[in-house]
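In: no sequence on hand, only this structure:
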């Protein structure tokens, strides 16, 4: 189960990083174009570290167990030849049902307010959750979390400032920010729903259940929205499925774009 758990964390970071990277060259002003690109790189860096760890775990599995892990024909073909896989294989050769990221991070950018709302919800979760992961009994997870927490602290400050700036700005920016906050709210509940991997890892004493940070997350979100003169959504019905490989229609299009080069030219290296 630790492999699936690591993939959850890695997939969240990879898909969020890819979504933010779509703003490169299209940011509202040059300074924020650079800021959001750097944030995307932070997420991708975290994803790479986690995928490297996941690859180590996968490669250590018995040969007869490896072909049971992924649906991907490309990865299973590699395994059958006796080759080890690496972080690039996990990022670019898995099929959509193999991904375990939450639905929130795969939602499209739409406009700047949507991007900020998605980042704000995710950054607040990562800030509190990675604080716990720094104390993980798994040394590799703890080390990655410690480095990531420094980056996530900045990410949360940046997205919070933009929520306030747009919410307490013009009539138009307020309307757009409130709309984005409302529309993405139904994807936030999945952050705190424990998957089978979450439960197994928590039971083993490696990492806490995600629901551990739910109260802190909601308090932080409420405080920032109040400062931004925005209304905290009250809906209780939540979308979920990403952690079990059931994704929204957006995920297939995202992977088609992200994986194009490696799928078209297998084994390509710079």
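Out: Received it, and whenever you're ready, just let me know what you need. Note that the structure is a prediction, hence the values are computed from the model and not measured. Residues are numbered from 1 along each chain as shown.
In: where does pLDDT dip in the chain?
Out: By pLDDT under 70, the weakly predicted segments of the chain are 270.
In: now the helices: where do they sit in it?
Out: Remark: helices assigned in the chain by DSSP state H are 2-21, 30-59, 63-66, 73-80, 87-92, 103-106, 112-133, 139-167, 171-184, 196-203, 214-227, 249-258, 260-264.
In: buried deepest among the ones you listed, which one?
Out: Among the helices of the chain, the stretch with the highest mean neighbour count (mean count of other Cβ atoms under 10 Å) is helix 103-106, at a mean of 26. Using the backbone N, CA and C atoms, a C-beta is placed for each residue, glycine as well.
In: now find how far off-centre that helix is within its chain.
Out: Averaging C-alpha positions (Cα atoms, centre = their mean, to the nearest Å) puts helix 103-106 7 Å from its chain's average.
In: which strands or helices does that helix pack on?
Out: Using 3 or more Cβ pairs under 8 Å, 6 or more residues apart in numbering; DSSP states H and E, the elements in contact with helix 103-106 are helix 2-21, helix 112-133, helix 249-258.
In: for residue 147, which of those helices is the nearest?
Out: helix 112-133 (9.5 Å; Cβ to Cβ).
In: and the angle for the closest one with helix 171-184?
Out: 50 degrees (axes from the mean of the first three to the mean of the last three Cα atoms, to 10 degrees).
In: from the chain's centroid, how far away is helix 112-133?
Out: From the chain centre to the centre of helix 112-133 is a distance of 9 Å (Cα atoms, centre = their mean).
In: ditto for stretch 66-83
Out: Relative to its parent chain, stretch 66-83 has a centroid offset of 24 Å by Cα atoms, centre = their mean.
In: how about stretch 229-243?
Out: 17 Å.
In: on that earlier part again, would you format the helices and strands packed on helix 103-106 as CSV with distance to residue 88 included?
Out: Listed next are those as CSV, based on distance: least, Cβ to Cβ, whole Å:
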stretch, distance to residue 88
helix 2-21, 11
helix 112-133, 24
helix 249-258, 12
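In: for residue 211, which of these is the nearest?
Out: Checking the helices and strands packed on helix 103-106 against residue 211 by Cβ to Cβ gives helix 112-133 as the closest, at 10.2 Å.
In: re earlier: so which of the helices and strands packed on helix 103-106 comes closest to residue 29?
Out: helix 112-133 (10.5 Å).
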